[in-house]
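Asker: Coordinates only, no sequence provided:
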């Protein structure tokens, strides 16, 4: 018998940080945080939680700046951390009962109800009902417009897994929308 | 781009537009910015250490590979698994095989993205109760291990290896037999099998070698086989000795409202189980309706004719999860994010379970300790499949006042009687990798960390 699991945790170590890391991380934040918060909002449905996830990701990058391998890509690290952080946040939300794992998306914010059409909100609600791997692959591929290889590296899975997860996600969304209509 | 893809792009971009402003980055005080040319790793004292550790590790890996890897072209027919050894007192097998994870989230940047090459996963063979490293097996050059399944003897494992690097996504996998000889030289031996590899583009949703080691069941998503271009879930059984395809079943994902098979809904790699002495196959299966989500187990008799995965199998067990979405308290129940585990005779199903409340007057997530305990419990439940009797609690832990960053529970192995579970209850110690544990009604026993970085993607006993 075998089974597998994916795991993550927050390293609370307090490494020495190069002073110039602050400027570099701040510059990276200025260039990419907005898009990452939007990605996290789509996943979580809650801007405050989304901003927390993105802040944590950049803070994690900052703390680990000096221990990153030379030639590594800070943006790739942050993207992976945001995806990972959203998954953790969804688990916490689920544990707090804010959502059920599959069936019940979080309540729409007032902004979403006011600014986003019902049709688009239905698609996003369907995305939130997807299993985590499918949801992440779909959003990285189609919202951040990343290549399959980039998505694979961000999620730490193979390209084949990305292709199949994305394909499943699209099929599931079609089914959900068809059933609900 | 098809209509579904266009809908996703349009909807997500429209939804993202609701974010108009975000707060500035709040870095910890006391760090004086200096210059903008900082590069990752430029101040790492440990980097020089790693720079010589890397070739040393590589050299050790080559030696380990030379010791462990034996390619055999012809596998003799017949039974490959000797009689099982005596079980330990708890019933947990004394040896396991784990895949080291790569790349994982926090290891990812440390391992680096040089040349955009994904990191290969090793096989780690360890002693369950002592934590002693029995063997480390590197994948063949240009490949990575992605899955492992165990026969009943605790000495025979089958491993799925896939191409790594430039061929990623276009090649086929390769199957290997891993034999353990604890105390022998080598302690682990890898033998290439003649079983056709799963195309890399397909996702192997589950793998399970039969208890006697003669047959390998593989489930995968295969969208190319469907005549109309749709998706199909395919379950295949191969002869381990000859590689012959013995039986195939398929199911169109659009045939019913069923939305996942064999652990695809979760991050589980393997959710296939040989039961009834290897005479039947069980696989997990889930579906969602407007009324809620369900997890279940279907059972298939490979000896019977037929090729329809749904029509030729029966639903042996199902369970509605999180059915009361309006309640403020969710009872201690199966967590649908981890697949159920089926005991070898099929009479019992164990699941990882969680319980919580969402009453904001109770939950104080900020400091991890509620005003009115308990609000969070983790554990494992055991269900009989033959009746609708209430589940029995194998183990339950109140985590209400624990300090943690992430809490989840995973069941990875269950004893034949269903009363002992091995798995993770993770991150009970903040900042440290979760440890495997053995859980019974009498308590839990934490196991030594997995050798290496302490992290395993897949564990097989």
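Answerer: Good, I have the coordinates. No experiment lies behind these values; they were computed from the predicted model shown.

Asker: Against residue A:162, how distant is residue A:73?
Answerer: Here the criterion is C-beta to C-beta, to the nearest Å. By it, residue A:73 lies 18 Å from residue A:162. C-betas here are computed from N, CA, C, even on glycine.

Asker: for residue B:385, same thing?
Answerer: Taking C-beta to C-beta, one finds residue B:385 at 35 Å from residue A:162.

Asker: which SS class is residue B:146?
Answerer: Here residue B:146 is recorded as strand under DSSP: H, G, I helix; E, B strand; the rest coil.

Asker: which one of residue A:73 and residue A:162 has more residues nearby?
Answerer: residue A:162 (29 against 20; other C-beta atoms under 10 Å in any protein chain shown).

Asker: Count residues in the vicinity of residue A:26, would you?
Answerer: Neighbour tally, residue A:26, other C-beta under 10 Å: 18.

Asker: and residue 129, what are its phi and psi?
Answerer: By default, I'm working from chain A. Here is the backbone geometry of residue A:129 (degrees, to the nearest 10): phi -90, psi -10.

Asker: same question, residue B:278
Answerer: Dihedral angles (degrees, to the nearest 10) for residue B:278: phi 90, psi 10.

Asker: burial of it, as a residue count?
Answerer: When neighbours are counted by other C-beta under 10 Å, residue B:278 comes out with 19.

Asker: quick one: contacts for it?
Answerer: B:210, B:211, B:212, B:215 (C-beta atoms under 8 Å, 6 or more residues apart in numbering or on different chains).

Asker: What helices and strands are in contact with whichever strand or helix holds residue B:381?
Answerer: According to DSSP states H and E, residue B:381 maps onto strand B:376-384. Secondary-structure packing of strand B:376-384 (3 or more C-beta pairs under 8 Å, 6 or more residues apart in numbering or on different chains; DSSP states H and E): strand B:329-334, strand B:348-357, strand B:392-398, strand B:409-414, strand B:421-425.

Asker: who does that strand pair up with?
Answerer: Strand B:376-384 has the following strand partners under DSSP bridges: strand B:348-357 (antiparallel), strand B:392-398 (antiparallel).

Asker: quick one, which of the ones you listed is nearest to residue B:150?
Answerer: strand B:348-357 (16.9 Å; C-beta to C-beta).

Asker: Would you mind getting the angle between the closest one and strand B:409-414?
Answerer: Between strand B:348-357 and strand B:409-414, the angle comes out at 170 degrees (axes from the mean of the first three to the mean of the last three C-alpha atoms, to 10 degrees).

Asker: Enumerate the positions of strand B:348-357 that are buried.
Answerer: The neighbour-count check on strand B:348-357 (16 or more other C-beta atoms under 10 Å in any protein chain shown) flags B:348, B:349, B:350, B:351, B:352, B:353, B:354, B:355, B:356, B:357 as buried.

Asker: what residues are up against the fourth one?
Answerer: Going back to what we said before, that points to residue B:351. B:295, B:319, B:334, B:335, B:338, B:340, B:341, B:380, B:381, B:383, B:411.

Asker: for the fifth one, same thing?
Answerer: Remark: with contacts taken as C-beta under 8 Å, 6+ apart, residue B:352 is in contact with B:334, B:335, B:338, B:378, B:379, B:380, B:409, B:410, B:411, B:423.

Asker: Report pLDDT for it.
Answerer: We have a pLDDT of 85 for residue B:352.

Asker: bridging residues for it?
Answerer: Applying DSSP bridges to residue B:352, the residues it is bridged with are residue B:380.
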